[in-house]
Each structure stands twice: as C-alpha cells, then as structure tokens.
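>>> prediction below, plus the sequence it came from.
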Amino acid sequence: MPPRKRRLRSRKPATGRSPQKPRVTTRAKSPPRKSRSKSPKKVGAVPPLPAQPEEILFRVEGKMSTFGGPHDLGMSPDEGLALFSNADLKDPRYSYLFLPAPPPGTSGLGRRLNPDQYYFACRWNYADTPREFLRRALARVENPANGRTADARPVDWGPHPSTGRVADLSPGLAAALGLNTDDVVKITISARRAIPVKPTLSMKRAGHGSSNPHAKPAIKQFIKSPNCSCRNGARIDKIVLHCTEGSLASALAEFQKADGRQVSAHYVIDRNGDIYQMVSDSDRSNHCMGANQNSIGIEHVAGETDPLTAPQAAASAALIRWLLQQYQIPRTNIFGHDFAPGYSRPGGTSCPDKLFGATHDQRTIAAWVEANV
Ligand SMILES: [Zn+2]
C-alpha cells in the first residue's frame with residue numbers, strides 16, 4: 001500500500017544564491033495536516049559535510065513523506081520542479097523520470113513524475129550542492145530501520161521546514177525501502193556517485209579472492225554474443241530482469257546474430273532452470289537501452305503471459321544472490337526492464353510481462369525479490 005501523503009511543500013528558486021523566503025502553497029484538496037498539538041519530534045538533520053576528505057557532499061537524516069505523480073493532489077496541476085524543466089523531457093538521461101504524457105488536466109512536471117521511478121526532494125543549499133551537480137547526482141537513500149538502500153535522483157526542492165520532515169520520496173522509492181510517511185530516512189550524496197559514475201573498486205573487488213559466500217550457479221554453456229561492448233570499468237550497480245517473449249532457441253539465435261537487432265543479455269535462463277551466459281559481466285550487453293552501462297541483464301525464457309517456472313525462479317534467485325554479493329549491488333537495485341532507471345526507449349516495453357506477477361509495475365518485481373532472493 002502506498003504511503004499516505006501528508007505534505008506541505010514549497011521550493012526555492014532554481015537558481016540564485018540568496019534564497020527567497022519559501023513560498024507556502026495552499027491547496028483546496030490537500031489532505032488534512034498533521035495535528036499541531038502533537039509536538040513534532042526533533043528532526044535529525046545533519047548539515048552537509050565539507051567535500052574533503054570523505055567526499056560526502058550532502059547528508060541528511062530525518063522524517064520523510066512522498067510526492068509526485070498523477071495522484072499527488074497535494075501538488076497543483078501546474079506545479080513544476082526545482083531541478084528540471086520541460087526541455088529535460090526530451091533528454092534520455094532524464095526522460096525516464098517522467099510519464100510519457102502529462103496526466104489529464106495538468107501542465108506541470110510535478111504531477112508528470114513517474115511515481116514508480118526513484119526520485120526525491122530535499123532542501124538544497126545551492127551554494128553547497130549546485131543545481132547542475134544535483135541534476136547529475138545519484139544519492140544513496142536508506143531506511144535505517146531495515147537497512148534497505150536504493151539509488152535515487154534529486155528532482156525538486158522541499159519539503160517546507162514547517163512539515164518537520166527532511167525529504168519527500170517518490171511513492172515507488174518509499175515502497176521499495178518499506179518507508180511510510182514520517183518514518184526516518186537517511187540520504188547521502190558523495191562526489192564519487194555523481195553521474196557519470198567513475199570506475200570504482202567494485203570491479204577489482206570481484207572475482208578471485210572475493211569473499212562471496214554464494215557460489216555462482218552452474219552455467220550450462222557460455223555462448224558468446226557479438227552484441228556487447230566494454231564497460232570501461234564502469235561499476236555494476238543494478239540488475240535488469242527480462243522476459244524473452246519467445247523460445248530459448250529464438251533468444252539464443254537472436255543474441256548471436258550480429259546483423260539483426262544487435263541485442264543480447266548477460267544470462268538467459270531456460271524454463272527448466274538451465275543458465276546460459278552470453279556476455280561477460282565485465283562487458284556491457286545490449287539489453288536495456290539507456291541503462292546498459294551499469295547493469296547486468298538476465299533474460300527468462302517465457303511467453304508474454306507465462307509466470308516463471310519453479311526451477312527457473314530458483315535459478316534466477318541463485319544467480320541474483322551471487323551477483324548482488326559479487327558486485328555489492330543493493331537489493332533494491334533489481335528492476336524489471338520497463339522500470340530500470342535510465343531506460344529510455346520511447347514508448348517503453350511490456351517486458352518483463354507476467355513473469356513475476358500479474359501487474360506490470362516495479363512493486364511486483366520488488367515483492368518477488370523480497371520473497372525469493
Ligand atoms: Zn526486456
């Protein structure tokens with residue numbers, strides 16, 4: 001169930017060093033505010049640390065709520081975002097954050113946010129974290145109560161200090177982390193995690209001498225696909241799950257063809273649980289346009305309406321467990337094809353279809369991961 005929205009937000013101007021007094025917007029249809037009689041808990045906001053030596057550029061901990069998307073009636077229909085404008089809708093780096101079309105009766109980017117994507121707002125001081133930096137930044141968002149983490153993009157300024165909260169998260173991000181309104185969240189942005197991500201230690205850490213407690217599941221056959229390229233050392237930080245929408249033979253044939261759609265995946269898991277590898281983890285495979293650089297792609301052989309078979313689910317879970325440990329990928333960074341951050345194919349995709357459940361959303365994937373991996 002999505003967290004209840006109890007928000008009161010306003011934002012600073014997108015640019016300029018002298019912040020104006022925040023504008024408090026009032027909305028006829030806003031849900032009732034939390035009673036003032038209950039004395040607000042002290043918010044543990046931690047001021048940003050200096051950039052050296054930890055390279056932590058922003059850190060905050062305190063209560064959160066959710067915002068954005070077509071159902072957020074706390075945002076006015078024309079309300080925009082502090083960090084993004086309409087011009088960004090055409091930029092594949094950012095367009096995935098938004099719905100393909102504005103919800104009926106709206107013109108602002110706030111209601112056009114895709115609530116399933118991972119984004120958030122904090123009260124930025126643009127002198128410390130300039131707007132251009134934030135637009136490229138990837139933050140680590142954590143639920144300290146259960147240790148779950150996910151990477152998310154800053155999109156807006158807020159919430160208003162009078163809410164007693166330090167951040168507003170996307171409904172999808174809050175759900176993935178198991179956070180409800182007024183739970184405590186921890187958000188960190190380090191210089192190292194700005195996009196594009198520089199090569200990091202995780203590739204070196206992997207492989208021989210790694211302390212991965214999980215064995216890599218047996219690979220039935222390595223069939224090299226030509227449809228791949230070098231990652232140039234980029235960090236592997238997510239796993240993308242796919243449905244072949246066809247037979248094993250057709251998937252293997254397609255991925256071996258250099259002159260076809262030039263697509264591939266790192267792994268293909270058959271209905272009987274056999275795992276085929278087609279691209280080395282250290283290379284980029286062509287499985288998720290816009291999100292290949294930092295991801296591992298896993299195809300599952302199935303038709304458009306088939307769920308995973310039991311042996312296929314077990315093989316996939318074992319492979320994912322190994323990958324998570326091997327590359328230090330957060331559990332929350334396992335996405336269905338259509339929901340992968342960065343995925344930029346216009347019109348999206350029906351993949352991963354019904355593999356992980358009947359509904360086509362990231363919550364279904366996250367629930368399967370939670371139950372099986
Ligand atoms: Zn796919």
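Structure received. Numbers count the residues shown, from 1 in each chain.

>>> from residue 66, how far off is the spatially most central residue of the chain?
For the chain, residue 118 is the residue whose C-alpha lies nearest the centre (CA atoms, centre = their mean; 4.4 Å). Remark: distance between residue 118 and residue 66 (CB to CB, to the nearest Å) = 12 Å. In short, each C-beta sits where N, CA and C put it, glycine included.

>>> what is in contact with the two at once?
In terms of CB atoms under 8 Å, 6 or more residues apart in numbering, residue 118 and residue 66 are both contacted by the residues residue 170.

>>> what about the strands in the chain?
56-66, 119-122, 139-143, 148-157, 167-169, 184-190, 221-222, 228-230, 238-243, 267-269, 275-277, 283-285, 295-300, 334-336 (DSSP state E).

>>> okay, the ones you listed in CSV with distance to the ion next?
CSV is the format used below for the strands of the chain (distance: least, CB to the ion, whole Å):
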stretch, distance to the ion
strand 56-66, 28
strand 119-122, 23
strand 139-143, 26
strand 148-157, 20
strand 167-169, 26
strand 184-190, 30
strand 221-222, 21
strand 228-230, 16
strand 238-243, 3
strand 267-269, 12
strand 275-277, 16
strand 283-285, 12
strand 295-300, 7
strand 334-336, 8
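
>>> coming back round to it: got the contact list for the residue nearest to the residue nearest to the centre of the chain when sequence neighbours are not counted?
Spatial nearest neighbour of residue 118, excluding adjacent residues (CB to CB, 6 or more residues apart in numbering): residue 152 at 3.9 Å. The contact partners of residue 152, taken as CB under 8 Å, 6+ apart, are 118-120, 138-139, 141, 169-170, 173.

>>> quick check: residue 178 touching residue 148?
Yes - between residue 178 and residue 148 there is a contact under CB atoms under 8 Å: 6.1 Å.

>>> so what's the residue lying closest to residue 344 once chain neighbours are set aside scoring on pLDDT?
Spatial nearest neighbour of residue 344, excluding adjacent residues (CB to CB, 6+ apart): residue 290 at 3.1 Å. Residue 290 is assigned a predicted lDDT (pLDDT) of 93.

>>> which stretches of the protein have low pLDDT?
Where the chain drops to pLDDT under 70, the residues are 1-54, 92, 191-211.

>>> how about the residues of it by the ion?
Proximity of the chain to the ion, by CB under 5 Å from the ion, involves residues 242, 337, 351.

>>> now the residues you listed as TSV including neighbour count?
Conversion of those to TSV gives the following (neighbours: other CB atoms under 10 Å):
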residue	neighbour count
242	27
337	24
351	23
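
>>> so can I have TSV of the contacts of residue 152 showing distance to residue 326?
Formatted as TSV, the contacts of residue 152 follow (distance: CB to CB, whole Å):
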residue	distance to residue 326
118	23
119	28
120	28
138	21
139	24
141	23
169	28
170	28
173	25
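
>>> ok, so of those residues, who is nearest residue 83?
residue 119 (9.5 Å; CB to CB).

>>> need the contact partners of the lengthiest helix in the chain.
Criterion DSSP state H: the longest helix present in the chain is helix 310-326. Residues outside helix 310-326 that contact it (CB under 8 Å, 6+ apart): 206, 210, 212-217, 236, 239, 241, 267, 269-275, 281, 296, 298, 300-302, 308, 329-331, 334, 369, 372-373.

>>> would you show me how to pick out the buried ones of the residues you listed in ChimeraX?
Those of the contacts of helix 310-326 that count as buried under 16 or more other CB atoms under 10 Å are selected in ChimeraX with:
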select :206,212,216,217,236,239,241,267,269,270,273,274,275,281,296,298,300,301,302,308,329,330,331,334,369,373
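
>>> before we move on, back to that, between the strands of the chain, which one is closest to residue 94.
strand 148-157 (8.2 Å).

>>> could you pull out the buried residues of the closest one?
By neighbour count with 16+ other CB under 10 Å, strand 148-157 contains the buried residues 148-157.

>>> check contacts around the residue in the stretch 51-200 of the chain that the ion sits nearest to.
Closest to the ion within the stretch 51-200 of the chain is residue 96: 14.7 Å, counting by CB to the ion. Neighbouring residues of residue 96 by CB under 8 Å, 6+ apart: 114, 117, 290, 341-344.

>>> adding distance to residue 257, write the strands of the chain out as a markdown table.
Converted to a markdown table, the strands of the chain look like this (distance: least, CB to CB, whole Å):
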| stretch | distance to residue 257 |
| --- | --- |
| strand 56-66 | 44 |
| strand 119-122 | 37 |
| strand 139-143 | 39 |
| strand 148-157 | 33 |
| strand 167-169 | 42 |
| strand 184-190 | 41 |
| strand 221-222 | 17 |
| strand 228-230 | 13 |
| strand 238-243 | 17 |
| strand 267-269 | 14 |
| strand 275-277 | 15 |
| strand 283-285 | 14 |
| strand 295-300 | 15 |
| strand 334-336 | 25 |
